[in-house]
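[1] I would like to see how this sequence folds:
(chains A and B)
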Number of protein chains: 2
Amino acid sequence: MLTFKLSERAVNTPSSPIRRLAPLAAKAKKEGVKVYHLNIGQPDIESPQTFFEGIKDFQSKIVAYENSRGNPFLCDAWAKHYKDILSIDISPENILITQGASEALIFIFMICCDPGDEIVIFDPTYANYLGFAAISGVVLKPVETSLKNNFALPPPEIIEQSISGKTKAILLCNPNNPTGTVYSSDELQSLVEICNKYHLFLIVDETYRELVYDAKKPLSIFNVAYNNDKVMVIDSLSKRFSLCGARIGSLITSNAEILKAALNLAQARLSVSSIEQHAAAYMLNNLESTYVDSMRAEFCRRRNVLFDCLNRIPDITVHKPEGAFYCIVKLPVLNAEDFCTYMLREFRDDNETLFLAPAGGFYMKEERGIDKVRIAYVLSEENLRRAILILEKGLRSYLSKI
Amino acid sequence: MLTFKLSERAVNTPSSPIRRLAPLAAKAKKEGVKVYHLNIGQPDIESPQTFFEGIKDFQSKIVAYENSRGNPFLCDAWAKHYKDILSIDISPENILITQGASEALIFIFMICCDPGDEIVIFDPTYANYLGFAAISGVVLKPVETSLKNNFALPPPEIIEQSISGKTKAILLCNPNNPTGTVYSSDELQSLVEICNKYHLFLIVDETYRELVYDAKKPLSIFNVAYNNDKVMVIDSLSKRFSLCGARIGSLITSNAEILKAALNLAQARLSVSSIEQHAAAYMLNNLESTYVDSMRAEFCRRRNVLFDCLNRIPDITVHKPEGAFYCIVKLPVLNAEDFCTYMLREFRDDNETLFLAPAGGFYMKEERGIDKVRIAYVLSEENLRRAILILEKGLRSYLSKI
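    Numbers count the residues shown, from 1 in each chain, chains lettered A, B, ... in the order given. Predicted coordinates:
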């Protein structure tokens, strides 16, 4: 007899499409196979030396609770960082430090919505937004964007069709995960206008803000609309400083009520890790001036290599991403998850294989992504070339078998 | 015109009774006043040297994501720790690492309950449980315990009266925050029986497990019922290793379905801080053998000092706590929050004052705690004596004014 039953929301929380094939990769590695990871946004670039100096600079003999709203020195440093890179004056009081961007998003879903309320997102979308929605009982309403159109935003009248009486917010990831698309000032402005018109919150996840290529400059929604009580930025040190495992993010808004509600949630979980916050403040205050620029240049080179290599594979459809370090690639297969599983489980080239994220999990209607994968180009040029060669060979082998 | 409205749950999430007077304390400090903190469970005891060695031992040049379920070495070390201190064989696979006990509790509330479902708790209760309930839409059903009875559990038939068709779990904090009461093997056994009878989960928050005094030995619910798929332990390194700011907790259960659902939630937030997990594993593997014992002895001495000093103040009611480092004290005032505010805002003795947590926030019916405070005896004997003297003088001054 079954003596327990889990909640509906537990049953409905999806497993991560980025991570759910991880056991197969672990098994391959145990067998001595080298696995190239293009599945996850974990850059192979060294974290700033100043972050490690900041870790050493933590002098307290007690690892005590930090303030619930964050280490004040980190809030100050982050505000200064905004001034330096975006010429925006943010008050440190408008910044709440969170356990990565993930926690900031969970807080915002909880604060803007009651269970059953809706948030408009752009589809494909960052898969973990589905997890945050399941946790918070929020219904995500997708506005479709498509590969053939470089995942551009549709015109306002199309976006407005997804707004109902239950809609509380629009959520945009810019630059975009999983597509690598970078949205323009005009596109951002049109979202602000929609949100003003319908009294919606505008949540912009700017985790990848500095990672934009070609002639593009980092652009925050705050460059378009700062003192707007409906606008909030989700930020993170994870990607632009290769600090994914530090789990330092933030929620930034000029809306005092949201900050107060977020602080109540933050108090319930007490605080973010003290040592990591100290190190992050130290790093921002002592930044190697070229760190982010050289990271941007490196990812731009990788993007070019990836795009060139992919374009040489027959029957693949790919767009040229303009930012972040992801792209969505359409493969000549019926089921990309099946192909990704095949690569990890069976295909070996010189005892090496490849870990890709099936794109289905990034689409609200999984069938829209069924023939696609998301590639995170987080490896060095040399490894990237090798990985795409393995992809080409793996595809040929897979297609010859089915 | 108000152009936005926050969610009901945001409005209903209580501010922390431990932290909400913090701005008054900050103001007093700015004015040069020394404030003794008895409001918060932040020990003044140095964290283990091996933890800091573990921080230095983190050699990777990239602060990368850790596994969503936790650093495997930390899971192994934690399982070994259970074997060493409690003689219990826990499989490392049954441990999920969380961002402090707080995150483990939020996960469990989400997994056991859908919004509107109920969890039975013992009142007074750890105030943040109210926050987790607000976040997750869970209704807490209090079973009252009282100061005059040393906050002992009532007989099963009384507990059973709080169980309805919507009840999913019973949650116990043992040793107890905020009361310092330690529950016996028989009391735990009776809860297991109730949970078996009504098909409920039994969640035991064992954050303070090793902090028990006099002849008592640390006792886990796993010592009473381990291979029971309804039982789970919430654990934390925060208190017994004075690592509150490291934010390393865990969820432990032999129930594979719960672990799988928790892993899905854990994947949505990616991972817990990598450096802190590495350091925690290093510490547990290289533990100074006397660390926990000497911490226990120190808190036992402080408990004795506190109890003696409080007993000398007229018209105070106090029980002798048996574990953790808290006690609930009934003061001869009508409104303890007003008194605590008075202490921070006005009362000074030789330019020093005292920060106590009003107990109202620890009671589901605030009026039950209105004349009480929670004292965390986290200061040295000398500071504790001084703090209680300030309490005595402050009370006298307050009572003469009203």
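
[2] from here on, contacts and neighbour counts on C-alpha atoms
    Noted.

[3] So which residues make contact with stretch A:30-45?
    The set of residues that contact stretch A:30-45 without belonging to it, under C-alpha atoms under 8 Å, 6 or more residues apart in numbering or on different chains, is A:18-19, A:25, A:28-29, A:239, A:242, A:244, A:295, A:325-326, A:348, A:351-357, A:374-380, A:383, A:387, B:62, B:64-65.

[4] Now do that stretch: distance from first to last residue.
    25 Å (C-alpha to C-alpha, to the nearest Å).

[5] Which parts of it count as buried, going by neighbours?
    Judged by neighbour count (16 or more other C-alpha atoms under 10 Å in any protein chain shown), stretch A:30-45 contains these buried residues: A:33, A:34, A:35, A:36, A:37, A:38, A:39, A:40, A:41, A:42, A:43, A:45.

[6] Could you dump these into CSV with pLDDT added?
    Written out in CSV, the entries for the buried residues of stretch A:30-45 read as follows (pLDDT from 0 to 100):
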residue, pLDDT
A:33, 97
A:34, 97
A:35, 97
A:36, 96
A:37, 95
A:38, 95
A:39, 92
A:40, 88
A:41, 86
A:42, 87
A:43, 88
A:45, 93
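
[7] In JSON lines: those residues, plus secondary structure and distance to residue A:401.
    Shown next, in JSON lines, are these (DSSP: H, G, I helix; E, B strand; the rest coil; distance: C-alpha to C-alpha, whole Å):
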{"residue": "A:33", "secondary structure": "coil", "distance to residue A:401": "22"}
{"residue": "A:34", "secondary structure": "strand", "distance to residue A:401": "23"}
{"residue": "A:35", "secondary structure": "strand", "distance to residue A:401": "22"}
{"residue": "A:36", "secondary structure": "strand", "distance to residue A:401": "23"}
{"residue": "A:37", "secondary structure": "strand", "distance to residue A:401": "24"}
{"residue": "A:38", "secondary structure": "coil", "distance to residue A:401": "24"}
{"residue": "A:39", "secondary structure": "coil", "distance to residue A:401": "24"}
{"residue": "A:40", "secondary structure": "coil", "distance to residue A:401": "28"}
{"residue": "A:41", "secondary structure": "coil", "distance to residue A:401": "31"}
{"residue": "A:42", "secondary structure": "coil", "distance to residue A:401": "32"}
{"residue": "A:43", "secondary structure": "coil", "distance to residue A:401": "33"}
{"residue": "A:45", "secondary structure": "coil", "distance to residue A:401": "37"}
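
[8] Let me see the backbone angles for residue A:109.
    Taking degrees, to the nearest 10, you get phi -60, psi -40 for the backbone angles of residue A:109.

[9] nope, residue A:169 is what I meant
    As for residue A:169, its main-chain torsions (degrees, to the nearest 10) stand at phi -160, psi 160.

[10] on that earlier part again, need the buried residues of stretch A:30-45 in JSON lines (columns: distance to residue B:158).
    Compiled in JSON lines, the buried residues of stretch A:30-45 are given as follows (distance: C-alpha to C-alpha, whole Å):
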{"residue": "A:33", "distance to residue B:158": "60"}
{"residue": "A:34", "distance to residue B:158": "60"}
{"residue": "A:35", "distance to residue B:158": "58"}
{"residue": "A:36", "distance to residue B:158": "59"}
{"residue": "A:37", "distance to residue B:158": "56"}
{"residue": "A:38", "distance to residue B:158": "57"}
{"residue": "A:39", "distance to residue B:158": "54"}
{"residue": "A:40", "distance to residue B:158": "52"}
{"residue": "A:41", "distance to residue B:158": "53"}
{"residue": "A:42", "distance to residue B:158": "53"}
{"residue": "A:43", "distance to residue B:158": "56"}
{"residue": "A:45", "distance to residue B:158": "60"}
